[in-house]
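K.L.:
My questions are about this predicted structure, shown below with the sequence.
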Amino acid sequence: MVISATAAEEMSAEETGTAYLTLLTISHPDLGTPIRFTSDNVNTVSNSNTFVPFPYNITLPDDTEGQIPEAQLVIDNTSTEIIAILRQLTSPPIITLQVVRSTDTDYIERQWTGLEWRSTSHNPDTITGKLTVENLTTEEFPPLTFDESWDGLYPG
């Protein structure tokens, strides 16, 4: 994904009044409505979705060849709301992470989708989740096996 020309200019500028925000979405069929958090101190509306302020920290997935991308999410646990929700889920929630500029929150500068919350640890202060993407390297290729009934497709 290519960043916008405006973002490129702002990153090159000596000063800018624009903040870069991360928007976190936790989705799961059992949730009904996804949980949406912003890194800002006020509500952030992006593409008609409202993200509420909630303390979290994310280590973005790396891009190391030969390794499955992995991220780490640390969410505040002092209110215990989130851990209670996570305990009720029967399968991993899906995480979407977006980076937007505070001056144009509808334009997604960078996005990671389909991250599965695979493991959780928690203490009274934080919940830590390991986020991964599906490992496509273990999928059979080609996905279909042909037998003699397909001879007409591949004359030989």
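P.N.:
Yep, it's here.

K.L.:
packing partners for the lowest-mean-pLDDT helix or strand in the chain?
P.N.:
The weakest-scoring helix or strand in the chain, judged by mean pLDDT, DSSP states H and E, is helix 5-12 (a mean of 82). On a contact count with 3 or more C-beta pairs under 8 Å, 6 or more residues apart in numbering; DSSP states H and E, helix 5-12 meets strand 94-101. To be clear about C-beta, it is placed using only N, CA and C from the backbone, and glycine gets the same treatment.

K.L.:
And the contacts of the least confident helix or strand of the chain?
P.N.:
When contacts are defined by C-beta atoms under 8 Å, 6 or more residues apart in numbering, helix 5-12 is touched by residues I3, T16, T18, R101, D104, E109.

K.L.:
Considering those residues, which possesses the most neighbours?
P.N.:
R101 (20 neighbours; other C-beta atoms under 10 Å).

K.L.:
how far off strand 94-101 does the least confident helix or strand of the chain point, in degrees?
P.N.:
70 degrees (axes from the mean of the first three to the mean of the last three C-alpha atoms, to 10 degrees).

K.L.:
would you list every one of the helices in the chain?
P.N.:
Secondary structure of the chain (DSSP state H): helices located at 5-12, 81-88.

K.L.:
out of the ones you listed, which comes closest to G66?
P.N.:
Nearest to G66, of all the helices of the chain, is helix 5-12, at 29.7 Å by C-beta to C-beta.

K.L.:
residue boundaries of the strands in this structure?
P.N.:
20-27, 35-38, 44-46, 49-53, 56-59, 70-76, 94-101, 104-122, 126-132 (DSSP state E).

K.L.:
Export those strands as JSON lines, with columns for mean pLDDT.
P.N.:
Listed next are the strands of the chain as JSON lines, based on pLDDT from 0 to 100:
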{"stretch": "strand 20-27", "mean pLDDT": "95"}
{"stretch": "strand 35-38", "mean pLDDT": "97"}
{"stretch": "strand 44-46", "mean pLDDT": "98"}
{"stretch": "strand 49-53", "mean pLDDT": "98"}
{"stretch": "strand 56-59", "mean pLDDT": "92"}
{"stretch": "strand 70-76", "mean pLDDT": "91"}
{"stretch": "strand 94-101", "mean pLDDT": "94"}
{"stretch": "strand 104-122", "mean pLDDT": "92"}
{"stretch": "strand 126-132", "mean pLDDT": "92"}
